[in-house]
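Chemist: Fold the following, please.
(2 chains)
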Amino acid sequence: MTQVPFLEIDGVPYAEWWRDRFDPEDDPFAGMRFYQRGRAKIWVGTAVVTGLTSTNMDAVGVHLLRIGRRFWKPTSAAIVAFARSARASVIELDRDELLRFLAGRDIAVAEDDPRRETLVRGFLAARYHGVAVGCAEWHGGEIVTSLIPKNQRIMEIDL
Amino acid sequence: MALHTDNLRRYIDLIDDWEAFAAACERPLPVVIWANPLRREVLERLNDADGLPCSTPGDATGGGLLAARLRARGYDCDALGWYPGAYKLGGVPKPGRTLEYVLGTYHVQEEASLIPIVVLAPRSGELILDMCAAPGGKTAQIAVAMASVGTLVANDVRIDRLRALRSNCERLGLLNVAMTGHDGTAFPLDAGPFDAILLDVPCSCEGNVRRGSGIGYRAPGAFLTGRSGLQATLLGRAWKMLAPGGRLVYATCTFAPEENEMVLDYSLGDDARIEPIRIDGLTAAPGATEWLGQTLRPDCANVARFWPHLNDTGGFVVALVRKEAAV
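Modeler: Residues are numbered from 1 along each chain as shown, chains lettered A, B, ... in the order given. Modelled structure (predicted):
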């Protein structure tokens, strides 16, 4: 079985996209290397795998972005790892919303919800007490969608 | 459920106190967790929001913050002492179902299985191979010890186990891990040389007798199912990828000398030296230098056998092997 290789790439466009989207206080990717796998997957981490050409990599660091023709989508794992100092595109959840979010269910943001003032359309970092918990999506309506991957949804949690 | 410690009677000559050993095998294993320093900030923020201590002096791991949280919820949480940031947990029905677990602030791992990484002593900047890595507890320990600096190649041949490895690496926020899915016996040789290798080989898991699994529940002699051959092949492959002067930790959770000292004796040559192991706060018994009438290499005495009754843990056997530096 041949696997799609991880090729080291210039990370500037992806770090810039992240900065524009999430306005982090510091550079969350300082000292890291970026890798591309196939056409659409960008990974980031501190591992150096360029010399390991004949090894079949399955993952290198954290899967950061999926780059499509229409939009780029951050992964939940990337939000958890790199969105702790984000100042934009953030939605703070309360306890009940956190439970819904982790179970993959929608969060209601009514017309008069004060959070609506700072929400930007597109992908969001969902946080609980400032702790990034995963990727969310908002298109201007009254719901924010949880993008926690199906196999990582948590139906039962001890809070 | 009757325990078949009788199956383990063949090791009676290796065990200092058979009665204590047999009694330990009957007791259930305590749940042990270790705090993840890479996610310390998560604990600081949660504790701040909940009015709990946000810093404890001399607490590099964040274990103090975690213990404060868990105790506030009414759970028992006793520091292990010999391993920084690790605790014995009581009263948590599902330690893998707490918010703190989901957010990667700790990992659940059997106490004895923490030992091999303390022996390996990974350092920042090294290139390290974890050859049989899934589900990733030891992988995470290595990445944490490296402080995310350097490269850790975590390999496992089974795709389902690789998935578990990946989910643990993501949850714990490991940044310097490259995951590979090779058959360890055919790992590409040009990937090395590695500064250090962990070889936590598949074994017959006799040391898991306290978990209600392992040899204690199988027919006598079930351990002799050909694991030794695989273990020796893996060790031979790993040795070729180890840098001169590098260190290899060979570990199993099984008692059989056939899967430990005899594999080392069979596979290692003159360029290998099994070094003594000493961990403050833990008692180990020496390795076997003779088994079934066969005399083994004398440095097999330096293999450390952590029998369940010595430290009230599961069973583990660990060897630290140094490759001679090139002349």
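
Chemist: Now do the same contact list for B:Ile142.
Modeler: Applying Cβ atoms under 8 Å, 6 or more residues apart in numbering or on different chains to B:Ile142 gives the contacts B:117, B:120, B:122, B:128, B:130, B:152, B:198. Where C-beta positions appear, they are placed from N, C-alpha and C, glycine not excepted.

Chemist: Closest one to B:Phe306 out of the residues you listed, please.
Modeler: Nearest to B:Phe306, judged by Cβ to Cβ, of the contacts of B:Ile142 is B:Ile117 at 13.7 Å.

Chemist: part of a helix, is that closest one?
Modeler: Yes. Checked against DSSP: H, G, I helix; E, B strand; the rest coil, B:Ile117 lies within a helix.

Chemist: how close does it get to chain A?
Modeler: Relative to chain A, B:Ile117 is positioned 18 Å away (Cβ to the nearest Cβ, to the nearest Å).

Chemist: contacting residues for that residue?
Modeler: B:138, B:141-142, B:145, B:198, B:249.

Chemist: which residues sit in contact with B:Glu151?
Modeler: Actually, residue B:151 is Thr rather than Glu. A:46-49, B:127-128, B:176, B:178.

Chemist: again, only using 6 Å
Modeler: Going by Cβ atoms under 6 Å, 6 or more residues apart in numbering or on different chains, B:Thr151 touches A:47-48, B:127, B:176.

Chemist: Same check on B:Ala140?
Modeler: B:Ala140 neighbours (Cβ under 6 Å, 6+ apart): B:107, B:172.

Chemist: can you tell me the helix or strand for the residue nearest to B:Phe194 when sequence neighbours are not counted?
Modeler: Leaving out its chain neighbours, the residue that sits closest to B:Phe194 by Cβ to Cβ, 6 or more residues apart in numbering or on different chains is B:Leu129, at 4.5 Å. Per DSSP states H and E, B:Leu129 falls inside strand B:127-130.

Chemist: what comes into contact with that strand?
Modeler: If you take Cβ under 6 Å, 6+ apart as the criterion, strand B:127-130 is touched by B:122, B:139, B:142, B:151-154, B:194-198.

Chemist: would B:Arg305 count as being in a helix?
Modeler: No. Using three-state DSSP, the assignment for B:Arg305 is strand, not a helix.

Chemist: Tell me how far it lies from chain A.
Modeler: From B:Arg305 across to chain A, the span is 34 Å (Cβ to the nearest Cβ).

Chemist: out of the contacts of B:Thr151, who has the most neighbours?
Modeler: A:Ala47 (30 neighbours; other Cβ atoms under 10 Å in any protein chain shown).

Chemist: Make sure that residue is indeed in a helix.
Modeler: No. Under three-state DSSP, A:Ala47 falls outside any helix and is assigned coil.

Chemist: Show me the strands paired with the strand holding B:Leu129, marking each as parallel or antiparallel.
Modeler: The pairing partners recorded for strand B:127-130 under DSSP bridges are strand B:151-155 (parallel), strand B:194-200 (parallel).

Chemist: Output those as CSV; include the columns mean pLDDT.
Modeler: Formatted as CSV, the strands paired with strand B:127-130 follow (pLDDT from 0 to 100):
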stretch, mean pLDDT
strand B:151-155, 96
strand B:194-200, 98
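
Chemist: deepest of the ones you listed, which one?
Modeler: The highest mean neighbour count among the strands paired with strand B:127-130, using mean count of other Cβ atoms under 10 Å in any protein chain shown, belongs to strand B:151-155: a mean of 28.
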